[in-house]
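Q: what would the 3D arrangement of this be:
(chains A, B, C and D, ligands or ions: 2)
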Amino acid sequence: MASVDPKYAEGIDEAIALDHVTAEEYEVILKELGRAPNIVELGIFSVMWSEHCSYKSSRLHLGKFPTTGERVVYGPGENAGVVDIGDNQVAIFKMESHNHPSYIEPYQGAATGVGGILRDVFTMGARPIALMNALRFGDPSHPKTRQLVSGVVAGIGGYGNCVGVPTVGGETNFDKGYNGNILVNAMAVGLADRDKVFTAAAREIGYPVLYVGSKTGRDGIHGATMASAEFGEGSEENRPTVQVGDPFTEKKLIEACLELMSEDAISSIQDMGAAGLTSSSVEMASSGGVGIELNLDHVPQRETAMTAYEMMLSESQERMLMILKPGSEHIAERIFKKWDLDVATIGVTTDTKRLVLKHKGEVVCDLPLDPIGDKAPKYDRPHLPSEVRANIDPNRLKAPAHLGEALYTLMTSPDMASKRWIWEQYDRHVMADTVASSQNPADAAIVRIHKSDKALAITTDCTPRYCYADPYEGGKQAVAEAWRNLTAVGAEPIAITDCLNFGNPERPEIMGQFVGCIEGMAEACRTLNFPVVSGNVSLYNETDGQAIPPTPAVGAVGLIEQLDQRATYGGLEAGDVLLIIGETHGHLGASLYMRHVEGDEDGSAPPVDLAVEKRNGDFVRAEIKAGRAKIVHDLSDGGLACGVADMALANMIGIKLAYNGDLPVFAWLFGEDQARYLIAAKPAIAEDIRRNAKAAGVPVDVLGLAGGDAITINGGHGLDLIRLKTGHDGWLPALMAGEAAAAE
Amino acid sequence: MKARIHVFLKDGVLDPQGEAISGSLKHLGFEGVGSVRQGKLIEVELHTADAEAAHDQVKAMCDKLLANPVIENYSIELSA
Amino acid sequence: MKARIHVFLKDGVLDPQGEAISGSLKHLGFEGVGSVRQGKLIEVELHTADAEAAHDQVKAMCDKLLANPVIENYSIELSA
Amino acid sequence: MKTAVIVFPGSNCDRDAAMALEAVTGKAPLMVWHGDSQLPDGLDFIMVPGGFSYGDYLRSGAVASRSPVMQDLVKKAEAGVPVLGVCNGFQILTEAGLLPGALMRNAGLRFVCEPAPLTIENHNSAFTHAYGDRKDVVFPIAHHDGNFFADQATLDRIEGEGQVILRYRKNPNGSMRDIAGVSNEKGNVLGMMPHPERAIDAHHGGTDGLALFESILGGLK
Ligand SMILES: Nc1ncnc2c1ncn2[C@@H]1O[C@H](COP(=O)(O)OP(=O)(O)O)[C@@H](O)[C@H]1O
Ligand SMILES: [Mg+2]
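A: Ligands and ions are numbered 1, 2, ... in the order given. This is a model prediction of the structure:
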């Protein structure tokens, strides 16, 4: 064992407290090392064993996801998931949370979240082509909500717009359950040639280790452990240094890395994300089974007198670590100098399987790498299944006096109202390949694959109401809705990424939500042949004992082989016939109708029959591919009535609905039964589709006709479209109107 | 009275603007330029003549709106 | 030496940022607030001790880069 | 025909610009790096693309306008080579003094991305003659600093000289007199906030941008 100067062993007790290593974990470290760690070493263990890096509470359950499939090239374990899309190309994507930092400093927290997820994608050799964002805020009337919305949205736009990657879609919910913990989940999608994908594992010995990008400062030290802690009274005052993002440097980093990747110079590469230099060097060496030695004197530094501890734990943004093929240093230097970025050889790979750090002529860390990974804590935390809620019997509810007014209430509610105020701040068109984004009436964003006739369809989905009512069904539903949204534009669903946002896993009921959601998601992924290829877990989203609703956000990617074989829900004309695919049972439990009209969040989540989901979706996709179904919309929040209203608003054409079945009309209108789609077509084509559905054993009904300037139900209950549009478009701008421009 | 408020990034917080300006000054041939930091300057007109009250009021404005305490510091100058 | 440069929008150039700040100060309940103008504050470290030379150099920096004469005025303060 | 697109660190519409030029001329433009002190000889057209050169730090376009290649670009523009600046390119050209006015923070203080309905104000310009007598077009906009400012005398002068080429039909950013695009006195340099290169292909949702490129490039053939 190399000698470690005893002076680094001072103050260990404080360090334990500071570093969030438990007493038991400290015992394991002592046993593995056969000595006390010094403070640098302890800092490394503490971040590597934090929830954020080690997934100690979640690992056991993440194994339940199916992660392989015909198109999967790399699943979880790499920086991002990689799927084959034909023609020697791959799509590379991942979603990540930046919840805690965004609550503390909304602009920079959200901005650096976008920066981080972009690096995960271009690290693997992909040019990023699209960004998505899934946002959850607290009650609209909560005093902090407006400022958080405006800061987060400006931060996402500020970063994504500047790096020049279009932000093409997302979702936004408001719920008092997020008052103390907002969720900011960002997803990036990139494109690479299949034979030019880069991975992180360092397998060769004696290769130079290169640091590129921004200089290291004292930013966000211990961000990874912060992301693994609950907020409490006073944490707003006790603010850690936050990281500031620099999208301009990121843009240069993307171009420089892609330029270097086109040369035969890089052996492996990894971005410096949470726990910066520590996690990148440890992960590169351990996954390739080699050792690594770094000389911290060579690390480009922004501040003076930085200690080894600070350098290893800094979370300065826009930095990458790469292992070069020997002799290619000059190529890297030329390219990074051209882009005016720092570049330095800071170490070498070794055959010791140890992490050795030198600083000012001394060895400040000498750790065996295996125990950092192998001995990382892995907990089987106790979990309590959530209580099953009873279903809601619509016959026991009072029908609303005016169905059109009830529809107006839902369409102008926080979750359903237009999010234009948000997405208008995102550049959706840069790169000139956006075919459908938030501004278009489409269930998924569509981004053309450059210089081709193919496209990727992208969506993010999760309905936290359902996950709270029933984690298992809610988990299934999140995956099924993503699959349905891809299907509704005509795409073949390929795979998903996820962001599992939950409360404190040390509480059995929270752990129960976590396990329930994962098992539901896994079941849906299996049945729908929709593997999980990357993802992220964010726990401890809890303030003063109040946990967020379980929110397993799903980001999904599908392939459109021929751009002219796609559907949107624009292009509706008077006289078109509306069909509904799938069965309507009037399921009102956990629905938006219950929340906004009955003022009651009760009832069971709508069950998802995955076999039916698959059958109905496969049918709809085939009709789109055959060119018959061109106007398609999936049904989700707010049920059939809200889906119809979306379509009417997108085209500013009224729709006349007719129903004479057995359900109370309001249950028929607002029930949130799953596996359903709306299709509109000219009468003759609608008739063909109806016949095909019947023949395929797929439930189908005629809902009504397009025409007029209102939505009507059985000839009455009219809801004027202009009024609906004013209310639907106006809700968010009215909320934000009082918000001043102090965000910048 | 008039209040002049200087808002600066705290030491240690990355200032990419300052860095870009310093780079450009060097490119333009200015020599002997060290670090550059960019901040905000806000001038507020106040309808009061009481300096002490004005100072308290402006301080409250900074804490509530004008500066972001997570990353910024500020200083206040008053003039008649 | 250190140069402190204040860059302000010229009179007559609309300052939407200043107006927004003034609006939200009022919204936050601050009373007696008149007009608000927002400008930039740029601090440049200079490796020279000669105040006159420094002033000339900084003036050149402002004319060449730091201020846009179509819309902005500037003032310079030097300190040791 | 020889065309060029200037690339600054932080440009992000350079590829879009190149695609548009190639679509219209059949030939890929030269991509010229900002650090080059000279532009290639014999250029028929130069495009300064959109993006966030130098992160928009200090003022949008300010730092880029002082880069080596711009000195040469100014010379070429003065010698009559047609130059188009879009979005950040417009900001760079005003900062370089090739075009009147300045582009300030949007009056709403937020970034705004939307399809913008525009009116072509001058049908005789080198950049618009191919529109015939068509007045109304829609190009996407996507910017934070597109609020065009000039003093009243300048505004009156450029209006009088026919230098106002494009106007917003619904002002998105507070621009004076709804100005969306202006040319220099000679008419060979055009700056505009809207993105014609994002409206050249049916998948963009419209092809109104094509005629702008055809005007300037067709005239050169
Ligand atoms: N945060 C956001 N960023 C970008 N687009 C958003 C965001 N929130 C909502 N949108 C857009 O608003 C539209 C409606 O969203 P949503 O109701 O969640 O769609 P769906 O129910 O079809 O999944 C979509 O086009 C979506 O992309
Ligand atoms: Mg949908």
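Q: what about the nearest residue to residue A:358 once chain neighbours are set aside, distance to residue B:54?
A: Spatial nearest neighbour of residue A:358, excluding adjacent residues (CB to CB, 6 or more residues apart in numbering or on different chains): residue A:295 at 4.8 Å. C-beta: built from backbone N, CA, C; applies to glycine. Taking CB to CB, to the nearest Å as the criterion, residue A:295 is separated from residue B:54 by 55 Å.
Q: one more: residue D:90?
A: Residue D:90 sits at a distance of 42 Å from residue B:54 (criterion: CB to CB).
Q: so for those two, which sits in the more crowded spot?
A: residue D:90 (30 against 20; other CB atoms under 10 Å in any protein chain shown).
Q: biggest strand in chain B by residues?
A: Determined from DSSP state E, the single longest strand within chain B is strand B:33-46.
Q: packing partners for that strand?
A: Helices and strands in packing contact with strand B:33-46 are listed as strand B:2-9, helix B:16-27, helix B:51-61, strand C:2-9, helix C:16-27, strand C:33-46; criterion 3 or more CB pairs under 8 Å, 6 or more residues apart in numbering or on different chains; DSSP states H and E.
Q: could you rerun that using 7 Å?
A: strand B:2-9, helix B:16-27, helix B:51-61, strand C:33-46 (3 or more CB pairs under 7 Å, 6 or more residues apart in numbering or on different chains; DSSP states H and E).
Q: mind putting these in CSV, distance to residue A:581 and mean pLDDT included?
A: As requested, those are arranged in CSV below (distance: least, CB to CB, whole Å; pLDDT from 0 to 100):
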stretch, distance to residue A:581, mean pLDDT
strand B:2-9, 56, 94
helix B:16-27, 51, 92
helix B:51-61, 58, 93
strand C:33-46, 55, 94
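Q: so which residues on chain D come close to chain A?
A: Remark: the part of chain D in contact with chain A comprises D:9-10, D:12-13, D:15-16, D:19, D:51-52, D:54-55, D:109-114, D:140, D:142, D:197-198, D:203-204, using CB under 7 Å from any CB of the partner chain.
Q: which residue does chain D have closest to chain A?
A: Of all residues in chain D, the one sitting closest to chain A is residue D:12 (2.4 Å; CB to the nearest CB).
Q: contact partners for that residue?
A: Contacts of residue D:12 were listed using CB atoms under 7 Å, 6 or more residues apart in numbering or on different chains, and they are A:164, A:251, A:430, D:50, D:51, D:52.
Q: nearest to chain D: which residue in the stretch 101-250 of chain A?
A: Among the residues of the stretch 101-250 of chain A, residue A:164 lies nearest to chain D; the distance is 2.4 Å by CB to the nearest CB.
Q: isn't that residue right up against residue D:51?
A: Yes - Residue A:164 is in contact with residue D:51 according to CB atoms under 7 Å; the separation is 5.9 Å.
Q: looking at those two, which is more packed in?
A: Neighbours per residue, other CB under 10 Å: of residue A:164 and residue D:51, the larger number sits with residue D:51, 32 against 25.
Q: from residue D:61, how far off is the more buried one?
A: Residue D:51 is 10 Å from residue D:61, where distance means CB to CB.
Q: now do the shared contacts for those two.
A: With CB under 7 Å, 6+ apart applied, the overlap between the contact sets of residue D:51 and residue D:61 consists of residue D:88.
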